[in-house]
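J.: Fold the following and give me the result.
(one chain, ligands or ions: 1)
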Amino acid sequence: MFVFVSIIFVFVAYTVSIKFVYYRFSQLWPQLRNKISNPSYTFGDAHFCPTQKRSGAFLPNSETANETRALLVTAHPDDECMFFAPSILKLVESQASVYLLCLSTGNYNNQGLQRKRELLDSCAVLGIPSDHVTVIEDKELPDDPAVQWSTALVSSLILKHTQNYGISLVLTFDGRGVSGHANHIAIYKTLSHLASAGRLPEGCQIFSLHSISILRKYLSVLELPVSWLLPSDFCCLIGPKEYKRAKKAMLCHRSQLLWFRRLYILFSRYMFINTFQAIVVETKNVKIY
Ligand SMILES: [Zn+2]
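T.: Numbering: from 1, shown residues only. Model prediction:
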């Protein structure tokens, strides 16, 4: 009897904690939204920590989020919805202009053309217009974890995009690439290099998506309190209604819908929450004579 009551108690307490995370996120989202639209924000001494009161540097009712021009850099068609759907949906909802640069057609199984079409369908569901989507077809950037992508080539593509579209925010993978795919990691390495070399446009912020353990990865919404309590520089969380859109976007990638992808849709925590770490961007090197 005692065990039964304890299980019920833990279940209720955990359900309440998840509801609390959603409640706090809805309260804090305006501040987070302003954080990404405020290039003057400095990272390092004010990590996003939900248990702490937020910095007064944020302007709760600011309209500046409308000026945010975000670029998501991915390696393959389906990365956008598998890993970044919560961020895309929240940014689009906040009136940010969202661009996608996908550095390959995902041609590993010679399905590049189909996957490109599926990507456009997925982006339409997520709210990214087709003229904001660029898919690179370059033999030097194959969908292949065994091939090391050229840093120089990836750099030039990202720089071209950030300059052409006046990008103020770049989102991508972190050093573990979420799934450990070498193409994901190559993008992180390139962006880290660009940031440390001061080659990105002034005021451009970069956030890398936290890779987490396999146990946390497949806990679905049950993982939310853990992500919420651990420090991060930026966070996007979506509810059941937005999850349905993320799921619909995933289903657009028909060529990839194997049984384990269907399980991923049900159990992946990335379908509900994205937590990011800021990559420190150095200001441009200025020569003084
Ligand atoms: Zn990928």
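J.: Could you look up the SS state of Gln277?
T.: With DSSP: H, G, I helix; E, B strand; the rest coil as the basis, Gln277 sits in strand.
J.: wouldn't it be in contact with Ser232 here?
T.: Yes. If you go by CB atoms under 8 Å, Gln277 and Ser232 touch, sitting 6.4 Å apart. C-beta: built from backbone N, CA, C; applies to glycine.
J.: what do these two both touch?
T.: Counting by CB atoms under 8 Å, 6 or more residues apart in numbering, the shared contacts of Gln277 and Ser232 are His210.
J.: And the closest residue to Lys189 other than its chain neighbours, what's its pLDDT?
T.: The spatially closest residue to Lys189, leaving aside those adjacent along the chain, is Thr151, at 6.6 Å (CB to CB, 6 or more residues apart in numbering). Model confidence at Thr151, given as pLDDT, is 96.
J.: Surely Thr151 and His193 touch.
T.: Yes. Applying CB under 8 Å, one finds Thr151 in contact with His193, separated by 6.3 Å.
J.: Show me what residue of the stretch 51-200 of the chain gets nearest to the ion.
T.: Nearest residue of the stretch 51-200 of the chain to the ion (CB to the ion) works out as His76 at 3.7 Å.
J.: what about the closest residue in space to that residue that isn't next to it in sequence, how many residues close to it?
T.: Distances taken as CB to CB, 6+ apart put Gly106 closest to His76, at 4.2 Å, once the chain neighbours are dropped. By the criterion of other CB atoms under 10 Å, Gly106 has 26 neighbours.
J.: Quick check: Gly106 vs Asp138, distance?
T.: Distance, Gly106 to Asp138, by CB to CB, to the nearest Å: 13 Å.
J.: now swap in Ala197 and tell me
T.: Distance of Ala197 to Asp138, computed by CB to CB: 22 Å.
J.: tell me the phi and psi of the nearest residue to His132 once chain neighbours are set aside?
T.: The spatial neighbour of His132 that comes closest, neighbours along the chain excluded (CB to CB, 6+ apart), is Tyr99 at 4.6 Å. The phi/psi pair for Tyr99 (degrees, to the nearest 10) reads phi -120, psi 150.
J.: Identify the residues contacting Tyr99.
T.: Tyr99 touches Arg69, Ala70, Leu71, Leu72, Ile128, His132, Val133, Thr134, His161, Tyr165, Ile167, counting by CB under 8 Å, 6+ apart.
J.: And the strands in the stretch 151-289 of the chain?
T.: Using DSSP state E, counting those that start in this stretch, the strands of the stretch 151-289 of the chain run over residues 169-173, 205-209, 234-237, 273-279.
J.: and of those strands, who's closest to the ion?
T.: The minimum distance between the ion and the strands of the stretch 151-289 of the chain falls on strand 169-173, with 8.4 Å, by CB to the ion.
J.: where do the helices sit along the stretch 51-200 of the chain?
T.: Assigned by DSSP state H, counting those that start in this stretch, the helices in the stretch 51-200 of the chain fall at 79-83, 85-93, 112-126, 151-164, 177-180, 182-196.
J.: one step back: test my guess that the residue of the stretch 51-200 of the chain closest to the ion contacts Asn183.
T.: Yes. Between His76 and Asn183 there is a contact under CB under 8 Å: 6.9 Å.
J.: what residues do these two have in common as contacts?
T.: Ser104, Asp143.
J.: on that earlier part again, let me see the contact set for the residue of the stretch 51-200 of the chain closest to the ion.
T.: For His76, the contact set (CB under 8 Å, 6+ apart) comprises Cys102, Ser104, Gly106, Arg115, Asp143, His181, Asn183.
J.: Show me which pair in those is furthest apart.
T.: Maximum pairwise distance among the contacts of His76 (CB to CB): 15.1 Å, between Arg115 and His181.
J.: Could you identify which of the helices of the stretch 51-200 of the chain is most buried?
T.: With neighbours taken as mean count of other CB atoms under 10 Å, the helices of the stretch 51-200 of the chain reach their highest mean count in helix 79-83, at a mean of 26.
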